[in-house]
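Chemist: A predicted structure for the sequence below; I have some questions about it.
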Amino acid sequence: MYPVDLPAVDDSDLTSASEQYLSSLESRARANEVFQASQTSEVAITANNVRRLQLFEDDQPDCSLLALHPPDDPTQVLALYLHDKWWCVADVLRTSSPSRTGLMLAQSIVERVIVFLLSQVVDRLPEEEVLFSQHPRTESCKLLWRDSQAVGFYTVKHKGSLCDSWSSQAYLLPVLDTVLVRASWRRRGCGLHMLEDFCNSFSTEEFMGVSSPLSPGTVAVCRKFLQQNEDYQERLYEVEAPGGWSQRRNIWLNIKLGRYSLCFNEESGPTSGETQRNEKQSNNCRPEPTSFNICDVNTLPATGSSEEQIKPCDPSQGGSSPSSKTSGTGCSPAAHADELDRGPPTRPAKLNTKQALMLQPSLSTEPCREKPDSEETQERIKRVRRT
């Protein structure tokens with residue numbers, strides 16, 4: 001059996017067990033204790049390579065557990081102390097219960113530990129930024145179980161729940177706040193499954209939200225979902241807290257207007273309202289074909305060749321990303337996310353070939369003719385000939 005399958009413990013039991021174990025380490029009551037990190041390596045368990053991990057964003061009351069890390073790298077986690085023994089991270093994420101499959105509400109403290117591991121520890125490279133901030137203990141969360149292991153999760157801000165601990169603002173609609181799928185399980189429909197579950201859970205609500213900003217992978221998942229479920233196209237919004245109309249942008253509308261950078265590798269990364277990492281576009285991520293990445297040729301320069309007057313957009317000089325600033329090449333990129341509610345932008349008028357030719361000076365192929373002589377000149381010539 002694995003930790004999630006053992007009898008449930010509460011916050012105070014988890015914290016007190018951690019404190020007692022750490023005290024015994026500091027007093028050297030547990031000498032020469034080691035953890036089998038792999039078949040070929042062992043790590044000594046000392047007070048120097050054991051640290052406390054705070055599980056939740058709010059620390060009242062305190063809820064922490066112990067983590068074992070390599071002596072030379074305190075940012076990595078090798079094992080967790082649960083149920084009076086050390087468990088490797090992979091085992092904490094596993095289950096022996098065949099009934100634990102699909103999306104299930106995270107209720108026990110060990111299930112919240114699993115959410116913590118997925119968001120803070122798993123798939124994290126050395127010296128890499130943490131993807132998410134810690135979640136509040138009261139935040140609603142569902143874990144996705146596949147093949148007897150936790151492969152992802154999503155969290156929800158319920159309508160009416162407080163946006164933060166220092167103001168009285170509350171969410172005006174249910175919001176899908178964070179979504180994460182483990183790297184080895186992406187492109188298997190997990191993100192789409194979680195978005196469908198969220199929308200079905202709040203199907204009686206008139207409007208639903210996804211926390212802003214949206215990563216390219218999240219946009220791709222939303223696009224696929226909205227193509228399959230047209231009745232949600234006018235109900236799903238990108239939202240900034242607390243979700244008033246000035247803080248909403250219709251996702252389907254802005255996908256069609258090309259205002260998102262779309263990644264065709266679905267579930268390429270997590271999304272979070274305020275804590276997600278700024279993602280750089282990968283090679284398989286590119287703007288929608290309908291993105292307003294065209295040249296503004298309403299005003300042509302007075303001088304210069306036709307090549308200088310009508311210059312194609314150069315993605316290397318900016319303007320290739322819907323969120324980039326206007327470049328100096330005359331290209332008009334798509335609107336920034338902050339301007340998505342200000343109405344559709346006006347497309348610059350394209351200059352077709354016929355119009356371009358009309359602007360060029362007319363070059364005649366006929367030979368130049370001299371003006372005919374006047375009648376008076378012709379009479380003079382006749383007189384001279386007669387003489």
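Modeler: Great, that's in hand. Model, not experiment: these values are computed from the prediction.
Chemist: put the alpha carbons of stretch 95-113 into PDB.
Modeler: Taking Å, rounded to 0.1, in the frame of the first residue of the first chain, the C-alpha atoms of stretch 95-113 are listed here in PDB:
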ATOM      1  CA  THR A  95      -2.100   4.100  -5.300                       C
ATOM      2  CA  SER A  96      -2.900   0.500  -4.900                       C
ATOM      3  CA  SER A  97      -6.600   1.100  -5.000                       C
ATOM      4  CA  PRO A  98      -8.300   0.100  -8.300                       C
ATOM      5  CA  SER A  99     -11.200   2.400  -7.500                       C
ATOM      6  CA  ARG A 100      -9.000   5.400  -7.500                       C
ATOM      7  CA  THR A 101      -9.200   6.400 -11.200                       C
ATOM      8  CA  GLY A 102     -10.200   9.400 -13.200                       C
ATOM      9  CA  LEU A 103     -10.900  12.800 -11.600                       C
ATOM     10  CA  MET A 104     -11.400  12.700  -7.800                       C
ATOM     11  CA  LEU A 105     -11.800  15.500  -5.300                       C
ATOM     12  CA  ALA A 106      -8.700  16.000  -3.100                       C
ATOM     13  CA  GLN A 107     -10.000  15.600   0.400                       C
ATOM     14  CA  SER A 108      -7.400  14.000   2.600                       C
ATOM     15  CA  ILE A 109      -4.200  15.600   3.800                       C
ATOM     16  CA  VAL A 110      -2.100  13.100   1.800                       C
ATOM     17  CA  GLU A 111      -4.000  14.000  -1.400                       C
ATOM     18  CA  ARG A 112      -3.100  17.600  -0.700                       C
ATOM     19  CA  VAL A 113       0.500  16.500  -0.300                       C
END
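Chemist: contact partners of it?
Modeler: With contact meaning CB atoms under 8 Å, 6 or more residues apart in numbering, stretch 95-113 is reached by 1-6, 8-11, 14, 55-56, 63, 65, 80, 82, 92, 114-115, 137, 140-146, 148-150, 153, 193-194, 197. In this view, the C-beta of every residue, glycine as well, is placed from N, C-alpha and C.
Chemist: just the ones of those in strands?
Modeler: 65, 80, 82, 140-146, 149-150, 153 (DSSP state E).
Chemist: out of these, who's nearest Val181?
Modeler: Leu144 (7.6 Å; CB to CB).
Chemist: longest helix in the chain, by residue count?
Modeler: helix 11-26 (DSSP state H).
Chemist: list the buried residues in it.
Modeler: 11, 14-15, 17-18, 21-22, 25 (16 or more other CB atoms under 10 Å).
Chemist: ok, now stretch 110-124?
Modeler: 110-122, 124.
Chemist: in helices only, show me those residues.
Modeler: Reading helices off those with DSSP H, I get 110-120.
Chemist: check contacts around Arg94.
Modeler: Here Arg94 is in contact with 2, 4, 148-150 (CB under 8 Å, 6+ apart).
Chemist: name the spans of the stretch 51-200 of the chain whose pLDDT lies under the cut-off.
Modeler: Within the stretch 51-200 of the chain, the stretches with pLDDT under 70 are 58-61, 126-131.
Chemist: list the contacts for His135?
Modeler: His135 sits next to 56-57, 115-116, 119, 141, 155, 178 when contact means CB under 8 Å, 6+ apart.
Chemist: what does Gln20 give?
Modeler: With CB under 8 Å, 6+ apart, Gln20 has no contacts at all.
Chemist: just the pLDDT for it.
Modeler: Listed pLDDT for Gln20 reads 91.
Chemist: for Leu162, see how far away it is.
Modeler: 35 Å (CB to CB, to the nearest Å).
Chemist: with Val181 instead?
Modeler: 28 Å.
Chemist: more neighbours, the two?
Modeler: For Val181 versus Leu162, neighbours defined as other CB atoms under 10 Å are more numerous around Val181 (28 against 16).
Chemist: just give me the neighbour total for Leu93.
Modeler: Neighbour number of Leu93 under other CB under 10 Å is 24.
Chemist: residues touching it, list them.
Modeler: 114, 117-118, 122, 149-150.
Chemist: pick out the most distant pair among those.
Modeler: Leu117 and Gln149 (11.6 Å).
Chemist: and Phe225, that's in a helix?
Modeler: Yes - residue state for Phe225 (DSSP: H, G, I helix; E, B strand; the rest coil) corresponds to a helix.
Chemist: I'd like the contacts of Leu93 as a markdown table, with distance to Ser97 appended.
Modeler: Listed next are these as a markdown table, based on distance: CB to CB, whole Å:
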| residue | distance to Ser97 |
| --- | --- |
| Ile114 | 13 |
| Leu117 | 18 |
| Leu118 | 18 |
| Val122 | 20 |
| Gln149 | 12 |
| Ala150 | 12 |
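Chemist: and which of the residues you listed is nearest to Ser168?
Modeler: Using CB to CB, the contacts of Leu93 come closest to Ser168 at Leu118, 31.5 Å.
Chemist: separation between the closest one and Asp73?
Modeler: 20 Å.
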